[in-house]
Structures are given as structure tokens and as C-alpha cells.
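**Q** structure for this input, please:
(2 chains)
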Amino acid sequence: MRSGVVIFPGSNCDRDLMVALELVTGVRPLALWHADPHVPSGLDLIALPGGFSFGDYLRAGAIAARAPVMQAVAAHAARGGLVLGICNGFQVLTEAGLLPGALMRNAGLDFICRDVGLEVVTADSPFTRAFRAGERITIPIAHHDGNYQADEATLERLEQEGRVAFRYLDDVNGSAHRIAGILNEGRNVLGLMPHPERCVEDAHGNTDGRRLFEGLLHALATA
Amino acid sequence: MKARVTVKLKPGVLDPQGRAIRQALETLGFTGVEDVRVGKVIELELAEGTPRATVEDMARRLLANTVIETFEVELA
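**A** This next block holds a predicted model:
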């Protein structure tokens, strides 16, 4: 599996994500620079890491979503290539219009950094196929703007089409329908606020996140 | 020339910051504050003759997130 991790000024989970991808896939991901409108051909996955790209200026993810590399990310997604946005990466994907809705300030206004319980809502995607639908897992979150909002028609559509990938077990940040992660229409783009790359090895105390990456690996191996 | 773009949350979009401000005003003894909505004002210094449509395009494509926000453009 060939993957690339985009680095924006202010990204701070890029290294953790690269370590997790290498651990699971055995192949070191390429670092992709935000100002480069082209990415190497033949990538299976482009991942957008967590952090505070461009200092969260204007809105979280807003400036990064207009960075030159995002043209290549959009083209990759349009070809059916896999795109994974974690935390700030999820915010960037919504700002870029690759996923619907928006991530607003947490309803309680606090930055929240802790393990949260999640329900895997669908196993029908390359990202969630290593889980069972309805399974409960634990993955840490660390965000200030994770309050997912969209209009009623969009929320209804996400639910109808089985595009809610992960749901918080409890209301942690005010998100509509307790949404923690969603898929695009083609199910090849996933954005989620929790950080699977922070729970991939025994030393992390939890390996639930590892299965997301293992699922991707299997999906590509059997594609 | 200058342009001022006012960005506001759409009606109905929950504004936790506005709610916290309303509570703080109440704590200060200001009664009767029924709602507070927080937006932002972006002032642009532009080349003379920049059309309004260009500023609106800027607002739509970057300055506002039209999923959750509305904007107004004033030229001066």
C-alpha cells in the first residue's frame, strides 16, 4: 500500500500518522508538501493529519483547504483513491467540500483531550471493514472544533446512505447525531475527529485504531 | 478602496460562544439579554474599481463558510 501524508504549516500529527501507517503497512509513507499542486502517481491513500494548519486562522482548516496540494487530493478522490482526514484533516476535508457539513467550536467551548467511546456505525467502507457494524471501540480525541453540524437534509441523507462511519457513545462536543466521522458518497473519503493513529501499538495502551489501518491494507490487497 | 465583509452564523446554527457571552453578561448584572450571536468583520484594502462581484466571490470561496455562515459586503 502506497500512502502519502500531507504536511501543512501547523500540522502536528503527521509524524504519528506516518509511524502508524508504516507500522501496519510495512511501507514508509511519502511526505506531501502543502504547496505542491502535484503528488506522485500511484498513491493508494492520501492522509491529512491532525494539528492546527495555518494556526486555525479564519476557521479551522479553511486556509489549508485552499492550499495547492488540495487540487491533487480532490483529483485523487475523484479517481476513487482513498483519502483519510483525521481531526484537523477532517476539518480541511469539509472546508474543501470533499465532505459535507462543518466542524464548529465544541458546544461546551472546552478543548477536549481524552479517550472516548465510539460506535462503528458501518463496516461497509475500506476504512471500517476490519470492524463489525455496531461494535464499540475506544479512540482518543483532542480537539476544540469537533462539533459536527450540517443542515437537516444533509444529516438525513448521511443516515439514509449509511455514511455515518463513527458515532460518539455520549455527547462529547455537541455534534449533530453524535457524529464523529463520515464518509463521502463514494465511500472512499473518510473524515473523523478521533485519532486512530494514537492507539496502534501496545505501548499506547489500546490498539483499536490499528484496525482502521489494517482494514485499509486488506481492502487494497483484495481490490 | 475598502470593502468590509461581515460574516455571521446562519440563523438556527447553534452559537456556543454567543451563549457563553450571554451568560457572562448576565453575571455582570445585564438583564434582558435574550440572545448573543458572534460573527466577524473582515476589512479589505482593494485596488480602485474592484467590482462588488469579486468581493462576493472572495466571501463565497474563502471568507465565509456558506454551510454555516452568511455574509454581507459593504464597499466604501
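
**Q** distance check, the residue nearest to A:Phe111 when sequence neighbours are not counted against chain B.
**A** Once flanking residues are discounted, A:Phe111 sits nearest to A:His144: 4.4 Å by Cβ to Cβ, 6 or more residues apart in numbering or on different chains. For every residue, glycine as well, the C-beta is placed using N, CA and C. For A:His144, the distance to chain B equals 11 Å [Cβ to the nearest Cβ, to the nearest Å].

**Q** surely A:His144 and A:Arg105 touch.
**A** Yes: look at A:His144 against A:Arg105 with Cβ atoms under 8 Å: they come within range, at 6.7 Å.

**Q** which of those two has more neighbours?
**A** Neighbour count, other Cβ atoms under 10 Å in any protein chain shown: between A:His144 and A:Arg105, A:Arg105 has more, with 23 against 17.

**Q** hang on, isn't the more buried one packed against B:Arg19?
**A** No: under the criterion of Cβ under 8 Å, A:Arg105 makes no contact with B:Arg19, lying 10.6 Å away.

**Q** for the residue lying closest to A:Asp171 once chain neighbours are set aside, phi and psi?
**A** Spatial nearest neighbour of A:Asp171, excluding adjacent residues (Cβ to Cβ, 6+ apart): A:Arg178 at 5.9 Å. Main-chain torsions, A:Arg178, degrees, to the nearest 10: phi 50, psi 40.

**Q** who are the contact partners of A:Arg178?
**A** A:167-171 (Cβ atoms under 8 Å, 6 or more residues apart in numbering or on different chains).

**Q** for A:Arg157, which residues are in contact?
**A** Counting by Cβ under 8 Å, 6+ apart, the residues that A:Arg157 touches are A:Arg163.

**Q** rerun at 10 Å
**A** A:100, A:150-151, A:163, A:185 (Cβ atoms under 10 Å, 6 or more residues apart in numbering or on different chains).

**Q** and the gap between the residue nearest to A:Phe111 and A:Ser53?
**A** Distance of A:His144 to A:Ser53, computed by Cβ to Cβ, to the nearest Å: 13 Å.

**Q** what touches both of these two?
**A** A:Ala60.

**Q** quick check, A:Leu212 in a strand?
**A** No: A:Leu212: not assigned to a strand; according to DSSP: H, G, I helix; E, B strand; the rest coil it is helix.

**Q** so what's it closest to, chain neighbours aside?
**A** Nearest non-adjacent residue to A:Leu212 (Cβ to Cβ, 6+ apart): A:Pro196, at 4.4 Å.

**Q** one more: A:Val19?
**A** That would be A:Glu197: by Cβ to Cβ, 6+ apart, it lies 7.5 Å from A:Val19.

**Q** I'd say the one you found and A:Arg15 touch.
**A** Yes: judged on Cβ atoms under 10 Å, A:Glu197 makes contact with A:Arg15 at a distance of 9.5 Å.

**Q** these two: which is more packed in?
**A** A:Glu197 (31 against 14).

**Q** name the SS class of that one, please.
**A** Assignment for A:Glu197 (three-state DSSP): helix.

**Q** for chain B, what's its nearest residue on chain A.
**A** Using Cβ to the nearest Cβ, the closest approach of chain A to chain B is made by A:Ala102 at 4.5 Å.
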